[in-house]
Every structure is written in C-alpha cells, then in structure tokens.
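K.L.:
Give me a 3D structure for the following:
(chains A and B)
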Protein chains: 2
Amino acid sequence: MRLAVVGAGAVGRSVIELAGEYGHSVTAVADSRSAAIAPDGLDPETVLADKDGEGRVGSSAPEEALDAEYDALIEATPTTLGDAEPGFSHAVGALERDRHVVLANKGPVAERYGELRAAERESRGEIRFEATVGGAIPALSTIEDFGPDHITAARGVLNGTANFILTRMAAEGLDYEHVLAEAQDLGVAEADPSFDVEGTDAALKCVIMANVLSEGEREFSLADAEVEGIEGVPGSALELAGEDGRTVRLIGEATPEGVRVGPRLVPGNGTLAVSGTRNIVQFETTNAGRLNVSGRGAGGPETATAVLSDVGRLG
Amino acid sequence: MRLAVVGAGAVGRSVIELAGEYGHSVTAVADSRSAAIAPDGLDPETVLADKDGEGRVGSSAPEEALDAEYDALIEATPTTLGDAEPGFSHAVGALERDRHVVLANKGPVAERYGELRAAERESRGEIRFEATVGGAIPALSTIEDFGPDHITAARGVLNGTANFILTRMAAEGLDYEHVLAEAQDLGVAEADPSFDVEGTDAALKCVIMANVLSEGEREFSLADAEVEGIEGVPGSALELAGEDGRTVRLIGEATPEGVRVGPRLVPGNGTLAVSGTRNIVQFETTNAGRLNVSGRGAGGPETATAVLSDVGRLG
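P.N.:
Predicted coordinates for the structure are as follows:
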C-alpha cells in the first residue's frame, strides 16, 4: 500500500523508516509546516535527513499531503483533547476522499468516536487504530477477534511513565518527587509530565477500549471517565503495601458501562504488577476466562509496529 | 457463515453450541460413526442430545458431511501423528471443494504443513488454525499481524497438564507420581497422560509455530523437534530451584530454525512461571521487544473461541 504519513514525531518517523520492511511505500509526509510528496514513493532517509537538517520534511504546503496519491493515511500528529484537531479533520478528510485511515493519534478515537465512525460509514475507506492503545500490544485486535460482545472488561497498566515511577518508588523506597525527577532525567517522563502522571493518557486508552466494547450502543469521551493520577501516592503507601505482599499500580479499566483510572493495590508478584515502562491489558472474556497481553506500550518503533500491523489488516 | 463441524468431542461440541452467538449456523456435523446434515442449519441442542443419548450425532454416513452445504469446515477430530489421518483428508477434501478449513486438530498442521499449504494454493478456500496453538490465546494471529519476518522466536508454556503438575510439585513439595495421580483424579491429566507429560503436545504446538515463522523457507514436523518431558523431574529439583527463587516449567521454543521442548529453570515470579493449567506464549519481535500473551490454553469453550475467531477472519 501507499501511505501518507501525517506527523513526523517519533511514531511518524518510525513508520517512515519501517514501511519498506512491511512492503509498503510512503508517497507523502507532512509535518506541521510542510509536506513532501512523491507518487512513486519517497526515500525515507532523504525525508528524515531534511527533517533533521532543516526542521521540515519537504517544500510543499502541509495540506497538500491530504490530496496526494495514497491508499492509507497514517494519522500520527500529537494527541489533542476536546475537538481533537487537527487530527480529526485529517482523518475525516482522508475518509471523504475514500481512503483508509490508520490512527496512532488517540484524540479523534477517544473524543469524537461517533463522528469518526459516521464518516467511515459514508466512505469506501476503513479506520483502524490499534496503535492508540498499548503500543505494540495487540489489544484492540484481540477485542476485534473475540468480538466486543464476548469481552466484558479490559483493564491494565496502560501508561509506562506512571508505571516506571511507581515501580521505582516501591523498589527504592523513594518518594514521588524524587523518582519523577529521575524519570525526567532518563527521558521516561516529559518536562511537563501531567498527561502521564494525572492518568489522562491511560484514561484516553481506556475510553477508546470502552468505545469499541460498547460499539453501536454507547459512546464515551475523556469527560466520561473517572480519573485519578499518581501524584498523591506517598512512598509510605508503597512500603505498607510491600509488607503485605502487594504493590500499587495505576490501573485503568474499561467496560461497556464506562471507564475508571486510579492507583490500586495489586498482588506484588501478580500479573498486573508489570515493571518499569511495560504495559499490560487483561481481558475478561465470556467463554474463555481471563486473557493477558503485555509488552512495550510506547516508543517510536513499537507504535509503528502497531500502525503497520493495522495497514496489513486493511480492506 | 455455514459451518460443517467434523469431530464431536469437547471442542466440536463447544463450536456447535457457540456458533450461533457468533452469527454462524451449523449445517453439518460428523463424528466417527455418523453425520447430521441440514442445509438450513441444525439445532445445536438436538444434535448434542442425540450424541449424548445415542452416541451418534445423526443418521447419515459420516462422509456425507464433506459433501454438504457449508462455507467452512471445522476440523476438530483428535490429533493424530505421522499421516495425520483422518484429519488431513478432511481438510484437503474441503479445500478440493473450494471451501475454507479451520483446524483445531494439530496433526495436519504439524505433520504435513507443506502439503496442506499446497492444497490451499490450489483452492479458493483458505486455511486457518489459531485453535491449534494455545487455545484461546491469540498466538498465531499475533505472528500473522506482526508478520513472521518480524518475530525471531516464540517460546512458552503450552501444555496445561504438565504445567499443573509442576506447579503442584513446587507448591506442595510432592513428587511427580503423587501429583500425576491428583491431576488424573481432577481430570486435568488423562488416564494415559503421555501425550502431555512427555512433551508431545507442547512440541506439536511449537512445530506449528516454527512452520509459520519459517513459511516458504523450511518446514518442520514432530520428528524434527528435540523433546524432553517432565517425568524425570524430581521433587528435589523443584525444592532446590525454590531456594534460589526459581522454579521449573516445561518450556517449548520455536524459531525459524527449529523446535526444542524441555523442563527449564525460570524465575519463580517471572512471566514464564504461569500457574496451574494456564499457558503463555512469549514472542521476541524485531521492532518491539518482547510480547507476552497468556490465558487458558485448552478446554472446549476456550478452543471453540479460537475456532470462531478464525471463522471471523476468513475471506
């Protein structure tokens, strides 16, 4: 397939780099300021060198990417809340042109799910969004294969930054502020870490799963989620938990009824107590009990893997 | 889709019971002695009551099921080795009639993979076999979505009987014979448990994964696998392991180069140390590190779930 990659951050770059390995070509790339267009396929190295060297991917206007020759638009611009722009308009624009859309951007899928599905129904194109939940972990494809009716709940650790912090707090007996600083030094937490530590990122992923689980019946957005982050978890709570063979993890849960995210006590050696930046999604199924999928929930190549798996499942 | 279910054991029965939930109808059922045929769809309760009451599913000859009206044949007869009959002929027979085949029977996929794929190439039908590896766990679909070229190894605990026995030996400090008897009482181990405790079942599943990982380049069968079972594991080995924070699990590993199955030391609280009858498959991926999927690896409904997921992914 020919891919138009919109967004040249970590995920977009990795998609550009890896597309060839999966047998696809990249015929357009856009960042916020520019676009590079080539119907016969762009050279990944050239595009990325331009981005590194000049701060922009090409010499066309960014909106020209939407009109280029491609089979699937890869929406990898940063997640935005509320109106989820400009990602939402990119996705709908591609669907209006009867193209497929594969999203890594959580915004449109979490905040305007019904409108996105409506645009899909009017289009010959299809939307897929595995990369929006759990990076490389096959979370949404598992729900799809089982059928949403056969999954009653999806819960887990869905934010690597928060999980890293809690893991280190428990391991070292340190308090939140100290470990946050360490995480920022390591690049695991951002300068402004609120999106991760307040639980927003985990909540968006759970909202997306809840939308899929309740497909056609109800629709959720971030505003519907009950969210509590980890900044209020004292080191003493982790010590106390440890004495009882437990630990604390930021657990998100999605059911067809809604979404809750918050710090929870879990068995210290149990399945949900993944370490460091790893993520896990645990499904309750109607006919096959409990199912767990875990792995790297974030990262350029990891998330690109999910994008390219989705491309392989289109049409 | 219309399904012809061949094999009325635990898996076949569950497929018959659950097909309606997934929007499919069962138009033919065969056991070793008889068949029930109904182009407009059989009533699951009637078929299963006949099987329970009279020991056979219907009043037609079993071979008539292959000629019935159906879109996909579900091959759920018991796994046989070597020539993998009669399952192999059922599968090829359906493909020769341009129908799809979904296998729960490991025999044809492990022992005659190349011939099965050759028959598929000549057919308008497609083969799928998620249910042959890890029951409800999405193992083969994960390899498919990542692409076999992007997975360098698949390893894990793939036999619940052997895992239950080792788990109990470690937990209770009991020896193999004692726990085997307990497992047989509970119905977790068969009267003749050799298929499970000698590692054959786990090896077949790994051979299937190795065949998929090396698709088009090499082909394996059970004879190619290096297999060691658990009957030689003394209780003292588990005690010794426990003192070092480890335990013993029957681990199978599949790579594009081959298959090895045997008892291995693993970290006691680690990912591979699943408990009881649970299974886990761990993938090493080229771009996304390590990925784990775990859950119920066996059982009628559990395996039927995998069969019906496959039906959903056909064509």
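K.L.:
Give me the neighbour count for residue A:67.
P.N.:
The local packing of residue A:67 (other Cβ atoms under 10 Å in any protein chain shown) involves 14 other residues. Quick note: C-beta positions are derived from backbone N, CA and C, even for glycine.
K.L.:
Give me the nearest residue to the residue of the stretch 1-150 of chain A at minimum distance from chain B, chain neighbours excluded.
P.N.:
At 3.5 Å from chain B, residue A:136 is the closest residue in the stretch 1-150 of chain A, using Cβ to the nearest Cβ. Spatial nearest neighbour of residue A:136, chain neighbours left out: residue B:288 (3.5 Å); criterion: Cβ to Cβ, 6 or more residues apart in numbering or on different chains.
K.L.:
Could you pull up phi and psi at residue A:103?
P.N.:
Per-residue torsions, residue A:103: phi -100, psi 140 (degrees, to the nearest 10).
K.L.:
so who does it touch?
P.N.:
When contacts are counted by Cβ atoms under 8 Å, 6 or more residues apart in numbering or on different chains, residue A:103 touches A:74-76, A:87, A:91, A:109, A:127-129, A:131-132.
K.L.:
Now do it against residue A:126, distance only.
P.N.:
From residue A:103 across to residue A:126, the span is 12 Å (Cβ to Cβ, to the nearest Å).
K.L.:
what do you get for residue A:140?
P.N.:
From residue A:140 across to residue A:126, the span is 14 Å (Cβ to Cβ).
K.L.:
more crowded one of those two?
P.N.:
residue A:140 (24 against 16).
K.L.:
measure that one to residue B:238 for me?
P.N.:
Residue A:140 is 39 Å from residue B:238, by Cβ to Cβ.
K.L.:
Residue A:182 too?
P.N.:
Note on residue A:182: its distance to residue B:238, by Cβ to Cβ, is 38 Å.
K.L.:
ok, the two, which is more surrounded?
P.N.:
residue B:238 (26 against 16).
K.L.:
Helix or strand: which one has that one?
P.N.:
If you go by DSSP states H and E, residue B:238 is part of helix B:235-243.
K.L.:
Report the mean confidence score over that helix.
P.N.:
On average, the pLDDT along helix B:235-243 is 94.
K.L.:
Quick check: next helix or strand after that helix?
P.N.:
Criterion used, DSSP H and E; the element after helix B:235-243 is strand B:246-255.
K.L.:
Check the offset of that following strand from the chain's centre.
P.N.:
Offset of strand B:246-255 from its chain centre (Cα atoms, centre = their mean, to the nearest Å): 17 Å.
K.L.:
who does the helix or strand following that strand touch, helix- and strand-wise?
P.N.:
Sequence-wise, the next helix or strand downstream of strand B:246-255 (DSSP H and E) is strand B:258-267. If contacts are counted by 3 or more Cβ pairs under 8 Å, 6 or more residues apart in numbering or on different chains; DSSP states H and E, strand B:258-267 sits against helix B:200-213, strand B:226-227, strand B:246-255.
K.L.:
Can you check what angle separates the next helix or strand after strand B:258-267 from helix B:200-213?
P.N.:
Remark: after strand B:258-267, the chain's next helix or strand is strand B:278-285, criterion DSSP H and E. Interaxial angle of strand B:278-285 relative to helix B:200-213 (axes from the mean of the first three to the mean of the last three Cα atoms, to 10 degrees): 30 degrees.
K.L.:
Name the residues of the following helix or strand past strand B:278-285 that are buried.
P.N.:
Scanning forward in sequence from strand B:278-285 by DSSP H and E, the next helix or strand is strand B:289-296. Across strand B:289-296, burial judged by 16 or more other Cβ atoms under 10 Å in any protein chain shown covers B:289, B:291-296.
K.L.:
near chain B, which residues of chain A show up?
P.N.:
With Cβ under 8 Å from any Cβ of the partner chain as the criterion, chain A meets chain B at residues A:14, A:18, A:21-22, A:135-138, A:141-142, A:145-147, A:149-150, A:269, A:271, A:285, A:287-296, A:299, A:301-302, A:304-305, A:309, A:312-313.
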